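Undergrad: Give me coordinates for this.
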Amino acid sequence: MIKELENRKVGAIVAENFKTAKVFTKYGIDFCCRGGISLQEACSKNGANLQEVTEDLQKATVLPDEVHYTDFGLSKLIDYIIETHHQYVENALPPLKAYLQKLATVHGERHSELFQIRDEFMAASDALTSHMKKEELILFPYVKAMEEAEKSGFPLSKPHFGHIDNPIRMMEDEHDTEGERFRTISKLSDGYKTPSDGCQTYRVAFEMLKEFESDLHTHIHLENNILFPKATELYTQMNS
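TA: Purely as a prediction, here's the structure:
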């Protein structure tokens, strides 16, 4: 696979699969203005290890096997959400913020909507970062402890937040806010369509935004429709 990739042009690799853009950004490889050189040459110019870059490119294109989330226990589902979706958000935020800032600076004069798209995403970045921390530090640990207490038969003290419905309602309200924010971003970008005068970075940023929204939908679905109802049901059983 390395031999197949090393002679391909960087720009062509990104054009075929936009997910690879994050890999090139990680290694400081310009896939936009200097995308006409081979992967091997780009790695050489940037002091990047060809083998490592190639392995990361391969990982970026692998599709996960189908997952049956409803079969997961609470702790397993929480770990999956953190390792898959929270980690995805953390990894995607820095390059997306950089791309959107660049687009607003370079193309904002002709496409004024880019300023609002940038600002909406910056607000989403702050909100999601705070939201995930609240889940990881407050709600999720209690749900895990509740499941462990139920299995072991040991009593569990009441949480400081009162009924479990309180943090769950807060998380659901924040999910609604971010869902609405991305509906706004999608509308502003005309469904993430790159205009005719858009560059490679423009296209990649919009493809990444589209993927981000899609991942967010799955992320919210797992919590609102599977994790939270299961946690509420267990809480009710343990406190009846």
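Undergrad: you'd agree residue 117 is up against residue 188?
TA: Yes: counting by C-beta atoms under 8 Å, residue 188 is a contact partner of residue 117 at 5.2 Å. Where C-beta positions appear, they are placed from N, C-alpha and C, glycine not excepted.
Undergrad: the longest helix in this structure is where?
TA: helix 165-188 (DSSP state H).
Undergrad: Run through who's touching that helix.
TA: Outside helix 165-188, the residues that touch it by C-beta atoms under 8 Å, 6 or more residues apart in numbering are 113, 116-117, 120-121, 123-124, 127-128, 131, 134-135, 138-139, 161, 192, 209-210, 212-213, 216-217, 220, 223-224, 228, 231-232.
Undergrad: hmm, which of those residues are the buried ones?
TA: 117, 120-121, 124, 128, 131, 135, 138-139, 192, 209-210, 212-213, 216, 220, 223-224, 228, 231 (16 or more other C-beta atoms under 10 Å).
Undergrad: mind listing what the residue positioned nearest the centre of the chain touches?
TA: Centroid check for the chain by C-alpha atoms, centre = their mean gives residue 89 as the closest residue, at 3.1 Å. If you count contacts by C-beta under 8 Å, 6+ apart, residue 89 has them with 128, 129, 132, 212, 215, 216, 219.
Undergrad: returning to that earlier point: in helices, which of the buried ones among the contacts of helix 165-188 appear?
TA: Short answer: those in helices (DSSP H) are 117, 120-121, 124, 128, 131, 209-210, 212-213, 216, 220, 228, 231.
Undergrad: Tell me the pLDDT of the residue nearest to the centre of the chain.
TA: Per-residue pLDDT puts residue 89 at 97.
Undergrad: now, which of the ones in helices among the buried ones among the contacts of helix 165-188 sits nearest residue 109?
TA: residue 117 (14.7 Å; C-beta to C-beta).
Undergrad: Quick check: the closest one vs residue 174, distance?
TA: 21 Å (C-beta to C-beta, to the nearest Å).
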